[in-house]
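Participant: Turn this into a model:
(chains A and B)
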Amino acid sequence: MPLIKDGREIDDVWAFLPDDAPLSPGGCITVSLGRFRSETELLLARNTDVGVRLEPADDPHELEEFLDRLALIEVSFPKYTDGRGYSQAQLLRRRLGYQGELRAVGHVLRDQILYMNRSGFDAFETERADLPSVVEALNEYSAFYQPGADGSVSVFARRHQKD
Amino acid sequence: MYRYDEFDAQIVRDRVEQFRGQVARRLSGELKEDEFKPLRLQNGVYLQLHAYMLRIAIPYGQLNPTQMRKLARIARVYDRGYGHFTTRQNVQFNWVALKDIPDVLAELAEVEMHAIQTSGNCIRNTTSDHFAGAAKDEIMDPRPWCEIIRQWSTFHPEFAFLPRKFKIAVTAAEHDRAAIRVHDIGLHMRERGGEVGFEVHVGGGQGRTPHVAAKIADFVPEAQLLDYLEAIMRVYNRFGRRDNKYKARIKILVSETGEEEFTRLVEAEFAAQRDAEKIALPQAEIDRIHAYFAPPELPERPEAAQKLHDAMAQDDTGLARWVRVNTHPHKVNGYTSITISLKPNGVATGDATDAQMMVVAHLAETYGHDDVRVTHTQNLILPHVALDDLPAIYAELKAAGLATPNEGLISDMIVCPGLDYCNLANARSIPVGMAIQDAFTDPDDQEDIGKFHINISGCINACGHHHVGHVGILGVDRKGEEYYQITLGGRADEKARIGDIAGPGLKADEVPDALKRIVNRYRELRTSKDEPFIETFEREGMEPFKEAIYAAH
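Facilitator: Numbering: from 1, shown residues only, chains lettered A, B, ... in the order given. Got it, this is the predicted structure:
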């Protein structure tokens, strides 16, 4: 499964630690929100980076006070038709100001990646889309009516910009 | 009407190329059908009983003659010579080949049209009052805000994979012709101390669990409308049910959460928005979009009414009746809005041939200030015509089979395509509708009956709006045989109400006679000819009509 970030394919140094797996030293790990809540101190005290994987029903506000200590938030798309992850991303980026890596994982397909990117995702662990097709998908449109989570300007505003 | 600027045009062109690529990847097998399905749906492409169907958006039901001619061409070249106007003010073509669809979309883009989000679990075409900008009783023109909502909802990155489809309707007249209370969001424009705002209704809908929408806000100022809509959409996207497609519409979220709690959730989400999250629609942009909807130059024609009167006095072709039935009061003295009925006897409701579309385009250009509307009752409208042009318009419509004088009358039904076309249907709708029309052919009789809305659906999904017909007819399948369940007392206007089921279903051939008995009972009970059926029903209740329906049993 290719991992694509900032227009490049990168190696994945992260591993998801299932709730029933013991915590061992070293390595970059992500855990479920539930585990993060119950073992917060332990996880944050590790010397290596820690991240959280959100499932669709999870409330991103629960991470609010820890956002600057998380290097990665993964948002899981068990089915690509479940669009709750887009709202989680918007909340994390635009409401809560999360600046770290926001990665879409799970059933991530080429034709959803542009929506994901505009909702604030900057990394995509795709089901099978390769780098060229992802780059193509990200460039299919040159203008958008809505302001983007990445700070991009809406058509509504662009029409009235003096340049 | 609105015209595309460079941004709108580019977005639609980009869409055509994107979809062309998706179709190519599907045809090559790179995309699986279950992955392609939501993509094609978000571009209005359905796989129906016999073929692919393409649904094209007609934003808030408005077309210009060039666009109408393009639809005629698509009907002629890519379909079988006709198109089908729908209850969502869209148009559908039932026989387009998948490989041709990218080319059809490219042709549509040339005339500023598209099929974006006409299906799928996203925000659909925004609908409105078909007399918008012309009706005497509106407080303002709702179309500019419909256009703003169209743009805001187009490819909204957060709301492309909602739990279920989502429909928004807007009206600005006290008499609601846009059925806003049976939409996911219904917006009623209001004025308060010189400020424009929106009364917000949420959670209306039909289908297997019909609901009249709950009013969650009395007045959202126009500058905050899009942010408020975002708050509603986010609450729905996060908390709407996804475990059962039949419980996934926002109406279920509203009813299961409770109106008060749902309202609180929306208000809390709205209040939590930071400045950086706001859409911040520039006032100059609001003004720019409004400017496109400036009313046409309509110099008063004080002599027009008299000229029409004289023409009617000498006419023996039915002009007077058509004028009486198919016109609607206009803001400007000497003008009217006309309904072009797509409900003559023996034609599937809402169908128009390519030749008929050409006639409508010609009339709109010659007499109608380049403006055509599609109604949610599946007729067409020329909103701005001079009274003294009506004789010429009538003659041309009549020659094209488009002058049926039945607007709002018993033969002016909403009928879904039913089992003749649709994958989901359990029973046929079109033949039942035609049989009812055959039972009420006399135009004097129809006028005497007056306003009478029959809505027919071929399955519980209620595309034929049976829940809100004065008389609703629902086709069901019982052990391989079609039965038709009758509901009474529904209405879609400002007094919206879900109809009550009268009793056991009838066989198809029993339906027309049952209708006749309902009508006869209504005639016995009405206080005068001015009391429409729905009011008689509301006064008298179900009993006398139920008796009438089952009298033969």
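Participant: count of neighbours near residue 11?
Facilitator: You didn't pick a chain, so chain A it is. 6 (other Cβ atoms under 10 Å in any protein chain shown). C-betas here are computed from N, CA, C, even on glycine.
Participant: other chain: chain B
Facilitator: By the measure other Cβ under 10 Å, the count of residues near B:I11 is 22.
Participant: Helix, strand, or coil at it?
Facilitator: helix (DSSP: H, G, I helix; E, B strand; the rest coil).
Participant: That one touches A:A143, doesn't it?
Facilitator: Yes. Between B:I11 and A:A143 there is a contact under Cβ atoms under 8 Å: 5.9 Å.
Participant: between these two, what contacts are shared?
Facilitator: Shared contacts of B:I11 and A:A143 (Cβ atoms under 8 Å, 6 or more residues apart in numbering or on different chains): A:V155.
Participant: Which part of chain B gets nearest to chain A, residue-wise?
Facilitator: Of all residues in chain B, B:F161 sits closest to chain A, at 2.9 Å by Cβ to the nearest Cβ.
Participant: So for that residue, what's the pLDDT?
Facilitator: pLDDT for B:F161: 97.
Participant: next one: B:L419
Facilitator: pLDDT, B:L419: 89.
Participant: Quick one: residues contacting A:L96.
Facilitator: A:60-61, A:63-64, A:67.
Participant: doesn't B:L474 fall inside a helix?
Facilitator: No. With three-state DSSP as the criterion, B:L474 is assigned strand and is not in a helix.
Participant: shaky segments in the stretch 1-150 of chain B?
Facilitator: Segments of the stretch 1-150 of chain B classed as low confidence (criterion: pLDDT under 70) are B:49.
Participant: try 90 this time
Facilitator: The stretch 1-150 of chain B contains residues with pLDDT under 90 at B:26-27, B:29-36, B:38, B:46-52, B:94-95, B:97-99.
Participant: Indicate the residue of chain A located nearest to chain B.
Facilitator: A:G83 (2.9 Å).
Participant: Skip the chain neighbours and tell me the closest residue to that residue.
Facilitator: B:F161 (2.9 Å; Cβ to Cβ, 6 or more residues apart in numbering or on different chains).
Participant: Could I get the phi/psi values of that neighbour?
Facilitator: phi -130, psi 60 (degrees, to the nearest 10).
Participant: for it, what are its contacts?
Facilitator: Contacts for B:F161 (Cβ under 8 Å, 6+ apart) come out as A:80-83, A:86, A:112, A:115, B:38, B:121-122.
Participant: Show me the residues you listed that map onto strands.
Facilitator: Of those, none are assigned to strands by DSSP state E.
Participant: Out of those, which sit inside helices?
Facilitator: Under the assignment DSSP state H, the contacts of B:F161 contribute A:86, A:115, B:38 to helices.
Participant: what does chain A have sitting close to chain B?
Facilitator: A:80-84, A:86-87, A:90, A:94-95, A:109, A:111-112, A:114-116, A:118-119, A:140-149, A:154-160 (Cβ under 8 Å from any Cβ of the partner chain).
Participant: Please pick the buried ones from those.
Facilitator: For these, a burial check counting by 16 or more other Cβ atoms under 10 Å in any protein chain shown picks out A:80-84, A:86-87, A:90, A:94-95, A:109, A:111-112, A:114-116, A:118-119, A:141, A:143-149, A:154-157, A:159.
Participant: for the strand or helix carrying B:R15, packing partners?
Facilitator: Per DSSP states H and E, B:R15 falls inside helix B:6-27. Packing partners of helix B:6-27 (3 or more Cβ pairs under 8 Å, 6 or more residues apart in numbering or on different chains; DSSP states H and E): helix A:155-158, helix B:33-41, helix B:101-110.
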